[in-house]
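[1] model the following, please.
(2 chains)
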Amino acid sequence: MNAFDYAPAPESRSIVDLRPSYGLFINGEFVDPADGAGLKSVNPASEEVLADVAEAGPADVDRAVTAARAAYETVWGPMPGTQRAKYLFRIARIIQERSRELAVLESLDNGKPIRESRDVDLPLTAAHFFYYAGWADKLPHAGFGPHPQPLGVAGQVIPWNFPLLMLAWKIAPALACGNTVVLKPAETTPLSALLFAEICQQADLPPGVVNIITGAGQTGAALVNHTGVDKIAFTGSTDVGKQIARAVAGTGKKLTLELGGKAANIVFDDAPIDQAVEGIVNGIFFNQGHVCCAGSRLLVQESIHDQLLESLKRRMALLRVGDPLDKNTDIGAINSATQLDRIRALTQIGGEEGAHPWSPPCELPERGFWFAPTIFTGVSQAHRIAREEIFGPVLSVLTFRTPAEAVEKANNTPYGLSAGIWTEKGSRILSIADKLRAGVVWANTFNTFDPASPFGGYKESGYGREGGRHGLEAYLDV
Amino acid sequence: MTATTTSSLAEVGRSAATLRTFLHGLPGVDHVGAEQRAALLGTRSIKTGAKAWAIDLAIRMVDLTTLEGADTPGKVRALGAKARRPEPSDPSCPPVAAVCVYPSMVPAAVEALAGSGVRVASVATAFPSGQVPLEVKLADTRAAVAAGADEIDMVISRGAFLSGRYVEVFEEIVAVRQACGAAHLKVILETGELGTYDNVRRASWLAMLAGADFIKTSTGKVPVAATLPVTLIMLEAVRDFRAVTGRLIGVKPAGGIRTTKDAIRYLVLVNETAGPAWLDPDRFRFGASSLLNDLLMQRGKLATGVYSGPDYVSLD
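    Next comes the predicted model:
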């Protein structure tokens, strides 16, 4: 009997019609940057250049903010909520209609497996627009007073791990509340945001309501520091978040930050073991571990440590690493050479600190940026791999003996974005969840998202909430 | 696996208390997570060569089944001919695993399948309800074996299981196991009546501890038959049982599996749950009737590039 070798099942990329180069989307149309600067967006799975993208300088940022201001004052701000909702519903429907195209593009530009972009990123992106479209005419009933007002122009800077979904998390609530936006996607993953700009045109969204400016850190800094912006929303690293907080301090701009994490995934000895293993895998290997709320610290009760690790290793041996466009791929490419270097550096430190790395046998492609799924056992709270965010497919395994010790270790981190609890005992779920200082606590699941559920952090994971009714607050003058 | 574990496992069925403690000490199943895992594996995309390989394997795993009051020896003979040569015009098409019939039809099946290597399976123990005294169930079993059945598909007493009389179910399976002699025993859990995945896991372990060679989902006679999540739980059970005892127990989903796409989803589930050792007709079967014709149609499509019509595969 030979093995069941799944033949390659690649999703066709012909559905995506990429232009060789893209300008900046300002005031409803694509324009060239003032100084002609550009950067290239690369497919991390092959290192092939996908398209040339403009790099916005200060003059371009100014144009975009001016366009957003004009749209806010003349069109979008005065528009009744029922009308704004129409546009948002229209955008949501177009996203659904073009979801295959967007999913393929997202996998090409980001490196994530098509299974995830198709089954997670795109459905959630559309759901987010639908959800906030529903709020647009109901703001007086959201609990922020009888006539809550928008803030004005929002400058939004998003990361490369969920390019389109983070765009939805930023743009949908901002527009629903009556703000206009200038959004900067990450420099390594700008393409789906540019396709979204085309969708705004297709939806006849009034010019200037959504402006997309591409570029790297300097573009982001120019946007953050622009005096015409009323609100900054940032998702990304804690370091950059701190810089933004300093820059914004004393300016009167409102700020929300969604930063890093080092979530504890706590498995008690009475957990549903097979589902806990799935949750651990989904917690840390989903999206190559490029997830701010990833369950990167496994806290397992000592009495089931060996059994759980055996199950986890058996499960990890089934993970299929490779071509992101293959429908059977579980783990795709690391997003950039820079990120790969960081993952390599931290995992090397983990080994030097005395933790034991393990990876299943897996062949990595020669070209592109790849990292095998890895777990470290024998990790202690003092190790850097237990404290610092790796943002890759690397799990640190720690143990605990009692529920109190689990809580203590879980909270002993500068971050506080998410946590997971695995137990069949309902009372334990409630009592532990109460004690965890994390914005999201998942019970017997992990990395589960819904637009109706608020998301955000404690401590160095940032402040402000996105999603749900709470997410409106970030874009209203309350 | 250690001798101690194995012998202490044999002790588990001795008393109501030990059996209950053991079954209720198995890790729980989170139903949301189990269904998500099954759904995720259902998205695997099996194409070209892998698909051809899977279709031939699925054909070899089919227990071609007819369990109707209207069954006659003539109908069973026709099924036997189909089982031997599912695709008469193509000698490369493998035969199915077994033909599954009621005990009274076993002689006809034995005659129709003589020398073919295709097994004769018979349902017994007052299939499908199992609501008769134990002596009748055992007589039913012995009669089917005496008539030449190679495999016996028994039903457990769901009433006894659901009311917590685990020992009663255990002892019944042990007794039927003895009545089977050399015949293989498949134990039907009727998962559609068990209500929870925790119960499916407990019933699986109960049947394996009592000596089942196969655990089977359903009779096909209640509204909910085989599902992917239920089969996932059973595959986890046989995987875990092997880790403890070294014994490989087979799994048979039955009822409701009608298309090649369904069958391939189950094979992916087997491959990524119990493992490649179960990708074998001795370890995994499909209890089905209409599935075979769809497998043959898809097999023809892969070979020729075009779909034939329903008149190009034989009626059962």
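
[2] now stretch A:246-265: buried residues?
    Within stretch A:246-265, the residues that qualify as buried are A:248, A:253-265, counting by 16 or more other C-beta atoms under 10 Å in any protein chain shown. Heads up, the C-betas are built off the backbone N, CA and C, glycines and all.

[3] so that stretch, near chain B or not?
    No. Using C-beta under 8 Å from any C-beta of the partner chain, stretch A:246-265 never reaches chain B; the gap is at least 13.3 Å.

[4] for that stretch, how far is the first residue from the last?
    This stretch, stretch A:246-265, spans 32 Å end to end (C-alpha to C-alpha, to the nearest Å).

[5] let me know the average pLDDT across it.
    Stretch A:246-265 carries an average pLDDT of 97.

[6] now do the strand or helix carrying A:T256: distance to the chain's middle.
    Following DSSP states H and E, the helix or strand that holds A:T256 is strand A:254-258. In this view, strand A:254-258 has its centroid 15 Å away from the chain centroid, taken as C-alpha atoms, centre = their mean, to the nearest Å.

[7] extract the C-alpha trace of it and format it as PDB.
    The C-alpha coordinates for strand A:254-258 follow below in PDB (Å, rounded to 0.1, in the frame of the first residue of the first chain):
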ATOM      1  CA  LYS A 254      -7.200  60.600  19.100                       C
ATOM      2  CA  LEU A 255      -5.200  57.400  19.100                       C
ATOM      3  CA  THR A 256      -5.900  53.700  19.100                       C
ATOM      4  CA  LEU A 257      -3.100  51.100  19.100                       C
ATOM      5  CA  GLU A 258      -3.300  47.400  18.500                       C
END
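
[8] and which of the buried residues of stretch A:246-265 is nearest A:R387?
    Nearest to A:R387 among these is A:K262, at 6.7 Å by C-beta to C-beta.

[9] which residues touch the closest one?
    A:S296, A:R297, A:A386, A:R387, A:E388, A:E389, A:T413, A:P414, A:Y415 (C-beta atoms under 8 Å, 6 or more residues apart in numbering or on different chains).

[10] follow-up on the earlier one: from the buried residues of stretch A:246-265, pick the one nearest B:M105.
    Nearest to B:M105 out of the buried residues of stretch A:246-265 is A:N265 (C-beta to C-beta; 54.2 Å).

[11] my read: that closest one touches A:A410, true?
    No. Contact between A:N265 and A:A410 fails when scored by C-beta atoms under 8 Å: they sit 9.0 Å apart.

[12] what residue in the stretch 151-300 of chain B comes nearest to chain A?
    Of all residues in the stretch 151-300 of chain B, B:N271 sits closest to chain A, at 4.5 Å by C-beta to the nearest C-beta.

[13] wait, I meant the stretch 1-150 of chain B
    B:G33 (3.1 Å).

[14] how many other residues sit next to that residue?
    Using other C-beta atoms under 10 Å in any protein chain shown, B:G33 is surrounded by 23 other residues.

[15] figure out the helix or strand that the residue of chain A found nearest chain B lives in.
    Closest approach between chain A and chain B, counting by C-beta to the nearest C-beta: A:Q275, at 3.1 Å. Using DSSP H and E, A:Q275 maps to helix A:273-285.

[16] circling back: SS state for the closest residue to the residue of the stretch 151-300 of chain B closest to chain A other than its chain neighbours?
    In this structure, B:N271 finds its nearest non-sequential neighbour in A:F4, 4.5 Å apart by C-beta to C-beta, 6 or more residues apart in numbering or on different chains. For A:F4, the assignment made with DSSP: H, G, I helix; E, B strand; the rest coil gives coil.

[17] A:F4 touches B:A52, doesn't it?
    No. Between A:F4 and B:A52 there is no contact under C-beta under 8 Å: 11.9 Å.

[18] those two: who's more crowded?
    A:F4 (19 against 16).

[19] on that earlier part again, CA atoms of the helix holding A:Q275 as PDB?
    Taking Å, rounded to 0.1, in the frame of the first residue of the first chain, the C-alpha atoms of helix A:273-285 are listed here in PDB:
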ATOM      1  CA  ILE A 273      -7.200  16.700  24.200                       C
ATOM      2  CA  ASP A 274      -7.800  16.200  20.500                       C
ATOM      3  CA  GLN A 275      -9.500  19.600  20.100                       C
ATOM      4  CA  ALA A 276      -6.900  21.200  22.300                       C
ATOM      5  CA  VAL A 277      -4.200  20.000  20.000                       C
ATOM      6  CA  GLU A 278      -6.100  21.500  17.100                       C
ATOM      7  CA  GLY A 279      -6.400  24.700  19.000                       C
ATOM      8  CA  ILE A 280      -2.700  24.800  19.800                       C
ATOM      9  CA  VAL A 281      -1.900  24.200  16.100                       C
ATOM     10  CA  ASN A 282      -4.400  26.800  15.000                       C
ATOM     11  CA  GLY A 283      -3.200  29.200  17.700                       C
ATOM     12  CA  ILE A 284       0.500  29.300  16.600                       C
ATOM     13  CA  PHE A 285       0.700  28.000  13.000                       C
END
